[in-house]
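Q: Provide a 3D model corresponding to the input given below.
(2 chains)
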Amino acid sequence: MKLAAWNVNSLKVRLPHLLEWLTRERPDAVCLQETKLEDANFPLDAIEQAGYRAVFSGQKTYNGVAILARDAPQAVEAGIPGYADEQKRVLSATVGDLRLVCAYVPNGQSLESDKYRYKLEWLAAFDLWLDAELKRHPRLAVLGDFNIAPEDCDVHDPKAWEGQVLVSPPERAAFQRLLGRGLKDSFRLFEQPEKSYSWWDYRMNAFKRNLGLRIDHILLSPELASRCRSSSIHVDTRKLERPSDHAPVVAEFV
DNA sequence: ATGGCTATGTAGCATAGA
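A: Next up is the predicted model:
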């Protein structure tokens, strides 16, 4: 069994890449972020023709999340219950015997920004809710763009990034709180190449120079973590024509 | 070198991403 998370940065633009990747990799489920599409414009036909069912929660221009799976997603829930948020950032569904949470954590912009306060507040609500979800769903996976590089080894130049948004201590503490709930960072369950990243700036030839950050993650409940056999980042998609600035992250299970 | 690139909405630039 194979699960994936991919911030596609516009599903409209990235649809050919996605379809090609689905056909080649045949994941059982994929969580997409930044679809940037209203639900009425979701390319459901093309995705169904590729052999996938889909549920989605989108909006114009910004944000937007979707879950694609070979088996129909059930018990679909959008957002964080009890946390009012106009922004479409969370979608949950049951696929087979798994509970999947697709998440697009706010970026935060800069430490002085209102968006940074929103990010921390959002993460607090997310953490509280996930604690309850973990108790309800022993086989829980949280997949998406967390917009947090958990450790200095997830940052190409930790000195240059020190204290900035995506690596600031409060954000990293929020990520550690999720791990404290019992969730495991699937990527770090295994030996990994040094300088492994999931996002590279479009500018300054950042990808060619591997100036990246690891901010996209698959977190697993203890039961799922014990079944996980590998985790990797599909860097090759970043080499395509008109790529997303994020690469898919993948976890495989027995 | 606080720039640079990409996508969107909308019709020349503004906003956001990370």
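
Q: what ranges in the stretch 51-200 of chain A fall below the confidence cut-off?
A: For the stretch 51-200 of chain A, no stretch is flagged by pLDDT under 70.

Q: and it, which of its residues are near DNA strand B?
A: By the rule Cβ under 7 Å from any atom of the strand, the part of the stretch 51-200 of chain A lying against DNA strand B is A:60-62, A:106-107, A:109-110, A:115, A:145, A:147, A:165-166, A:199. Where you see a C-beta, it was placed from the backbone N, CA and C, and this is true even at glycine.

Q: in the stretch 1-150 of chain A, which spans are strands?
A: Ranges of strands in the stretch 1-150 of chain A, per DSSP state E, counting those that start in this stretch, are A:2-7, A:29-33, A:53-57, A:65-69, A:74-78, A:90-95, A:98-104, A:140-145.

Q: check which residues of the first one are buried.
A: So the one you mean is strand A:2-7. Within strand A:2-7, the residues that qualify as buried by neighbour count (16 or more other Cβ atoms under 10 Å) are A:3-7.

Q: and the residue nearest the centre of chain A?
A: Residue closest to the mean C-alpha point of chain A, counted by Cα atoms, centre = their mean, is A:Gly144 at 1.1 Å.

Q: send over stretch A:51-68 as PDB, restricted to the C-alpha atoms.
A: Once non-C-alpha atoms are left out, stretch A:51-68 reads as follows in PDB (Å, rounded to 0.1, in the frame of the first residue of the first chain):
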ATOM      1  CA  GLY A  51      -8.700   5.100 -12.000                       C
ATOM      2  CA  TYR A  52      -9.200   7.300  -9.000                       C
ATOM      3  CA  ARG A  53     -12.200   8.500  -6.900                       C
ATOM      4  CA  ALA A  54     -11.800  12.000  -5.500                       C
ATOM      5  CA  VAL A  55     -13.300  14.200  -2.800                       C
ATOM      6  CA  PHE A  56     -12.300  17.900  -2.600                       C
ATOM      7  CA  SER A  57     -12.800  21.200  -0.800                       C
ATOM      8  CA  GLY A  58     -11.600  24.100  -2.800                       C
ATOM      9  CA  GLN A  59     -11.900  27.800  -3.400                       C
ATOM     10  CA  LYS A  60     -10.900  30.300  -6.000                       C
ATOM     11  CA  THR A  61      -7.200  31.400  -6.300                       C
ATOM     12  CA  TYR A  62      -5.900  30.200  -2.900                       C
ATOM     13  CA  ASN A  63      -5.700  27.000  -0.800                       C
ATOM     14  CA  GLY A  64      -7.900  24.000  -1.700                       C
ATOM     15  CA  VAL A  65      -7.400  20.400  -0.800                       C
ATOM     16  CA  ALA A  66      -8.400  17.000  -2.300                       C
ATOM     17  CA  ILE A  67      -8.100  13.300  -1.500                       C
ATOM     18  CA  LEU A  68      -7.700  10.900  -4.400                       C
END
